[in-house]
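Asks: let's see this in three dimensions:
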Amino acid sequence: MWTLTYIYLFAVSFILSLIAVKYCKPLAFKLNMVDRPSDRRIHKKETPLLGGLGIFIALMISVLVHYFGIILLYRMHAEKLSPYIGRIFIHVPGMIKVGWSMLGIFVCGFIIFIVGLFDDKFGLPAKLKFYLEIAIAFCIVYFFDIKITLFVKNEVFSYVITIFWIVGITNSFNLLDNMDGLSAGVAMTSSIVLLIASLIAGQLFIGLFLVAFIGVLLGFLRYNFPPASIFMGDAGSLFIGFILSILTIMGTYYIKGSSTLYPVLMPVIILGLPIYDTMSVIVIRTKNRESIFKPDKNHFSHRLLRLGMTHRGTALFVYLVTFCVAINAILLPGLKQFGVLTTAVQTLCILSIISFLEYYGKQQADKKNNGK
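Replies: This is a model prediction of the structure:
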C-alpha cells in the first residue's frame with residue numbers, strides 16, 4: 001500500500017510541476033522577469049526567471065491538497081483508516097500540531113518566495129535580503145514552534161541554532177543556483193537520501209512530503225537541466241532551501257534504542273555539499289578581501305568549469321559528490337562512536353580530495369595563462 005502511495009504522490013507532483021513550470025515560461029516574458037547575460041552569468045541568452053513560481057505552486061497544491069484529503073478521509077472513515085493514517089503521524093505530535101506546522105511552512109515559505117521574487121524583479125540589497133531571512137526564520141520558530149533542541153532544554157539556544165540553520169541552508173541553495181540544474185539537482189539528490197533516512201526511522205509524514213518535493217524538483221529539472229530553458233530565480237532557490245531546512249528540523253533522526261545521539265548530525269552530512277560550497281565561497285571572498293555578499297564566479301561549479309568540465313558534466317559531477325557525501329548519513333543510527341568518527345572522516349576526505357583537485361587544477365590554469 002505504502003509503495004503505491006509513494007508512486008502516486010510522486011507522479012502527481014511531477015506532472016503538476018511539469019505543467020506549472022511550462023506555463024510560467026510565457027508569463028515570465030510578459031512580466032519581463034527575464035535573466036539577461038552579464039559578466040557574472042554563464043548563460044548566453046535571455047532566459048525566463050519564473051521557474052520558482054512553478055515549483056511553489058506545484059508543491060503547495062500537491063502537499064496541501066493531499067494533506068487535507070487525508071484529514072477528510074479520516075473523518076469519513078475513521079475506523080477503517082485509523083491504523084493506516086495513524087502510522088503517518090506516529091512520530092509527529094498529532095494532526096493538529098502538524099497542521100499548524102504545515103501552515104507555518106507555507107506561510108513563511110510564501111513570504112520568502114516573495115522576497116526572492118522582489119529580488120529577481122528589482123534587485124534587493126544582499127544585506128536586506130539576509131535580514132529578512134532572519135526575520136522569517138524567527139517567525140517560524142516563535143509562532144509555529146518549529147525548532148531544533150538537540151536535547152538541550154534552553155529556549156535561547158533553540159532559537160539561535162534554528163535561525164542559524166534555516167538562514168544558512170536557505171542561503172546555501174541560493175548560492176548554489178549559479179548554473180543550470182545545480183540547485184534543484186542537489187536539492188533533489190539530498191532529498192532522496194533524506195527520504196531513505198526518514199523511512200528507516202519510520203518518519204512517514206516527512207517521507208511523504210519529501211516524495212512530493214522530489215517529484216516537483218524533477219519536473220522542474222525537465223526544463224532546467226543544461227541547457228536550461230527556464231531558471232528558478234532567487235524566488236525558487238530561497239524557497240527550496242527553506243523547505244529543506246524545515247524538513248530536516250521536523251525530522252526525528254534519533255531512533256529509540258540507539259546507543260548514541262549521533263544521528264542528530266544526519267542533516268549536516270546529508271547537506272554537506274551545499275554547506276561546503278557556501279563555506280568555500282566565504283573563505284575565497286574573505287581571502288580576496290571582498291564582501292561575502294558580493295556575487296562572483298568562485299563557486300564549486302565555476303571552479304569545476306575552469307578545470308575543463310562541460311555544464312552537463314559539472315552538474316552530474318556535483319550530483320554524484322552530493323550523493324557520495326550524503327549517503328553515509330543513513331548509517332549513523334546503527335554506529336557507535338568509532339563508526340561515527342569514521343563516517344565523519346570519510347566525508348571530510350571526499351571534500352578534501354575535491355579541494356586538492358581544484359587547487360592544483362587552478363595552479364595549472366594560472367601557469368598556462370601566465371605563459372601566454
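
Asks: please make it C-alpha for all contacts and neighbour counts, starting now.
Replies: Will do.

Asks: distance-wise, check His311 relative to Ser229.
Replies: From His311 across to Ser229, the span is 14 Å (CA to CA, to the nearest Å).

Asks: in the stretch 101-250 of the chain, which spans are helices?
Replies: Using DSSP state H, counting those that start in this stretch, the helices found in the stretch 101-250 of the chain span residues 126-142, 155-176, 182-200, 204-224, 233-250.

Asks: make TSV from the ones you listed and add mean neighbour count to it.
Replies: TSV is the format used below for the helices of the stretch 101-250 of the chain (neighbours: other CA atoms under 10 Å):
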stretch	mean neighbour count
helix 126-142	17
helix 155-176	20
helix 182-200	23
helix 204-224	25
helix 233-250	25
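
Asks: closest to Phe106 out of the ones you listed?
Replies: Among those, the nearest to Phe106 by CA to CA is helix 233-250 (8.9 Å).

Asks: next SSE after the closest one?
Replies: helix 266-270 (DSSP states H and E).

Asks: and that following helix, what does it pack onto?
Replies: Judged by 3 or more CA pairs under 8 Å, 6 or more residues apart in numbering; DSSP states H and E, the packing partners of helix 266-270 are helix 182-200, helix 311-327.

Asks: low-confidence regions, this structure specifically.
Replies: Where the chain drops to pLDDT under 70, the residues are 1, 38-44, 73-97, 151, 252-263, 361-362, 364-372.

Asks: mind redoing it with 50?
Replies: 259 (pLDDT under 50).

Asks: next one: the top helix by length along it to chain centre, how far?
Replies: Longest helix of the chain, by residue count under DSSP state H: helix 337-371. A distance of 23 Å separates the centroid of the chain from that of helix 337-371, by CA atoms, centre = their mean, to the nearest Å.

Asks: got the angle between that helix and helix 311-327?
Replies: Between helix 337-371 and helix 311-327, the angle comes out at 160 degrees (axes from the mean of the first three to the mean of the last three CA atoms, to 10 degrees).

Asks: how about the helices and strands packed on helix 266-270 in JSON lines, adding distance to Ser158?
Replies: Supplementary listing: the helices and strands packed on helix 266-270 in JSON lines, determined by distance: least, CA to CA, whole Å:
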{"stretch": "helix 182-200", "distance to Ser158": "22"}
{"stretch": "helix 311-327", "distance to Ser158": "25"}
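
Asks: now for the longest helix of the chain, which elements pack on it?
Replies: By 3+ CA pairs under 8 Å, 6+ apart, helix 337-371 packs against helix 300-306.

Asks: and Val264, how many neighbours?
Replies: 22 (other CA atoms under 10 Å).

Asks: wait, isn't it in contact with Ile148?
Replies: No - judged on CA atoms under 8 Å, Val264 makes no contact with Ile148 at a distance of 10.0 Å.

Asks: the helices of the stretch 101-250 of the chain into JSON lines, with extra columns for distance to Val12?
Replies: Converted to JSON lines, the helices of the stretch 101-250 of the chain look like this (distance: least, CA to CA, whole Å):
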{"stretch": "helix 126-142", "distance to Val12": "28"}
{"stretch": "helix 155-176", "distance to Val12": "25"}
{"stretch": "helix 182-200", "distance to Val12": "16"}
{"stretch": "helix 204-224", "distance to Val12": "8"}
{"stretch": "helix 233-250", "distance to Val12": "18"}
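
Asks: appreciated, that's everything.
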